[in-house]
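*Asks:* have a look at this prediction, sequence included:
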Amino acid sequence: MNFNPDLLGIILVYSYIIIVLIISEKILKDKPFFSRKFTHIMVGSILFLLPLFTTREVMALIVAFPFVIITFLMSEYSPINISNKISSSGHGLGLFYYAISWTILAYVFFDQPYVIAVGIVAMSYGDGFAALIGKRFGKHEYNIFGETKTIEGSLAMFLVLIAALWIALNYYIVFIGYPPLISNIWLILLPALFATIAEAITPKGLDNLTSCFVAVAVYLIILL
């Protein structure tokens with residue numbers, strides 16, 4: 001019987017996300033904001049499973065795309081009335097944009113999973129911790145384009161991104177021997193900085209699109 005890494009990847013990704021959702025909905029159900037951000041952050045760890053996939057269509061269309069449909073149906077704009085505390089505790093389409101970003105990255109950069117990882121890190125760990133730290137410790141607020149953020153939250157995002165990008169990119173060095181330019185500190189600092197700026201100025205949950213793709217764009221520019 002031949003080993004099928006795509007099938008293993010599907011099983012692991014779906015199993016992991018189901019476990020995260022069970023924890024969010026059952027164990028953390030009385031803390032909807034924290035539950036939502038827990039989901040937001042923890043789903044980002046799928047980046048460590050990306051090297052398992054050998055087929056673009058499997059990663060993008062079977063693993064990632066179904067969550068575009070699922071998260072839309074969980075949102076307040078769904079034609080089906082589904083009660084969900086995770087989605088209702090934040091921007092209505094935030095997780096939907098998250099799933100869109102993941103799907104686009106998976107399809108376009110299938111052969112460069114470390115690039116996908118940069119985008120996932122920005123919208124999961126970065127954006128998630130910005131919201132958590134900002135809500136808990138934020139004292140200095142600012143408002144750009146109608147969205148109130150905090151300096152503490154933005155600083156947390158920048159620092160978390162530096163650490164998370166370093167871990168993710170070094171993981172890919174060990175796992176697939178690439179990217180070889182990790183010694184270039186700008187590959188970490190500049191995507192972290194510009195993703196933080198994008199998150200700071202983007203309203204209404206769209207930061208799950210902007211912070212992700214800005215981080216990826218800056219990373220690719222530096223690689224040129």
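*Replies:* Cool, the structure landed.
*Asks:* immediately after the lowest-mean-pLDDT helix or strand in the chain, which helix or strand?
*Replies:* Within the chain, judged by mean pLDDT, DSSP states H and E, the helix or strand with the poorest mean is helix 85-88; its value is a mean of 48. Later in the chain than helix 85-88, the nearest helix or strand by DSSP states H and E is helix 94-108.
*Asks:* which ones are touching the most centrally placed residue in the chain?
*Replies:* The structure's the chain has its C-alpha centroid closest to S124; by Cα atoms, centre = their mean the separation is 3.0 Å. By Cβ atoms under 8 Å, 6 or more residues apart in numbering, the residues touching S124 are H40, I41, M42, V43, G44, S45, Y98. C-beta: built from backbone N, CA, C; applies to glycine.
*Asks:* so what's the third one up against?
*Replies:* Read it as M42. Per Cβ under 8 Å, 6+ apart, neighbours of M42: V20, S124.
*Asks:* just the element for it, please.
*Replies:* helix 32-42.
*Asks:* between that helix and helix 94-108, how big is the angle?
*Replies:* 10 degrees (axes from the mean of the first three to the mean of the last three Cα atoms, to 10 degrees).
*Asks:* circling back: pull the most distant pair out of the contacts of S124.
*Replies:* Distances among those were taken as Cβ to Cβ; the most separated pair is S45 and Y98, at 13.6 Å.
*Asks:* the more surrounded of those two?
*Replies:* The neighbour count for S45 versus Y98, taken as other Cβ atoms under 10 Å, is higher for Y98 (27 against 15).
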